[in-house]
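S.K.: sequence-free structure coming up:
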């Protein structure tokens with residue numbers, strides 16, 4: 001077992017504290033610290049940060065924290081704590097931004113359809129708040145379309161997965177030939193092969209209806225893309241050779 005670095009250790013502790021708080025206090029913690037859609041009344045300005053430390057269940061937090069320990073530790077050892085935390089938080093914000101962008105597309109699409117049916121802005125806002133709408137409009141627009149907009153408006157994002165995908169991208173850049181063991185099947189795969197496969201998998205599940213559970217696949221993609229852009233820029237400017245203490 002490699003020695004855990006300071007920033008990774010602190011991130012693990014913060015995540016565990018938040019998880020214990022959700023077990024003890026329940027929905028009030030999710031309402032305050034999970035990331036809600038910006039026009040939802042439950043949205044707060046700090047949620048793009050705090051949602052990275054929230055998790056839905058034990059399996060969710062276990063695998064995210066195990067991945068953070070395994071891949072974050074060698075990166076922090078190479079970069080230093082300040083550079084690592086800057087990268088980690090940046091990819092987490094990038095993950096949230098892409099997923100919220102998708103939600104905005106879904107919500108605005110339904111809003112435009114409701115506007116075409118003659119609803120005013122206040123009536124559209126009331127629909128998203130109460131789900132109260134006439135049967136004729138439901139027939140005109142379709143239940144599934146309305147449901148997709150409502151689901152996006154009522155979305156609750158939690159988890160470090162987006163930031164972790166950024167860390168995985170950085171690991172594949174820094175240690176491309178490191179062999180990682182798959183769980184199913186248990187065979188070793190080089191990081192430069194496995195990480196792109198994971199991202200492609202999220203793109204596939206994000207664009208299809210085959211997803212297992214309420215997983216924000218585009219948040220994973222957003223974290224990976226943000227990490228990819230940062231690593232490319234740092235390499236281009238030789239910035240990745242600098243260590244921040």
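M.R.: Perfect, thanks for sending it. Quick caveat, the model's predicted, so the values are computed rather than measured. Residues are numbered from 1 along each chain as shown.
S.K.: For the lengthiest helix in the chain, buried residues please.
M.R.: When the chain is scanned for its longest helix (criterion: DSSP state H), the result is helix 81-116. The neighbour-count criterion (16 or more other C-beta atoms under 10 Å) identifies 81, 83-85, 87-100, 102-103, 106-107, 110-111, 113-114 as the buried residues of helix 81-116. C-betas here are computed from N, CA, C, even on glycine.
S.K.: After that helix, which helix or strand is next?
M.R.: helix 121-130 (DSSP states H and E).
S.K.: gap between residue 83 and residue 5?
M.R.: 12 Å (C-beta to C-beta, to the nearest Å).
S.K.: cool, residue 100 as well?
M.R.: When residue 100 is compared with residue 5 (using C-beta to C-beta), they lie 30 Å apart.
S.K.: How about residue 229?
M.R.: 24 Å.
S.K.: distance from the centroid: which residue in this protein tops it?
M.R.: Most distant from the centre of the chain: residue 136, at 36.7 Å, with distances by C-alpha atoms, centre = their mean.
S.K.: part of a helix, is that one?
M.R.: Yes - using DSSP: H, G, I helix; E, B strand; the rest coil, the assignment for residue 136 is a helix.
S.K.: Read off the pLDDT value for it.
M.R.: At residue 136, the pLDDT value in this model is 81.
S.K.: and if you look at residue 9?
M.R.: 96.
S.K.: mind checking which helix or strand it is in?
M.R.: helix 6-25.
S.K.: could you point out which element follows that helix?
M.R.: helix 27-33.
S.K.: contacts for that following helix?
M.R.: 18, 21-22, 42, 44, 46-47, 50-51, 53-54, 156, 158 (C-beta atoms under 8 Å, 6 or more residues apart in numbering).
S.K.: Any of the residues you listed buried? List them.
M.R.: If we count by 16+ other C-beta under 10 Å, the contacts of helix 27-33 have these buried: 18, 21-22, 47, 50-51, 53-54, 156, 158.
S.K.: possible to save the residues you listed as CSV with pLDDT?
M.R.: Shown next, in CSV, are these (pLDDT from 0 to 100):
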residue, pLDDT
18, 96
21, 95
22, 94
47, 97
50, 97
51, 97
53, 97
54, 96
156, 93
158, 96
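S.K.: tell me which of those is nearest to residue 9?
M.R.: residue 53 (14.1 Å; C-beta to C-beta).
S.K.: List the contacts of that closest one.
M.R.: 14-15, 18, 33, 160.
S.K.: With residue 124 instead?
M.R.: Applying C-beta under 8 Å, 6+ apart, the residues contacting residue 124 are 111, 114-115.
S.K.: Mind doing that once more with 10 Å?
M.R.: 107, 110-115, 117, 133, 149 (C-beta atoms under 10 Å, 6 or more residues apart in numbering).
S.K.: Residue 100 now?
M.R.: 35-38, 48, 107, 152, 155, 157, 216, 218-219, 222.
S.K.: Thank you, goodbye.
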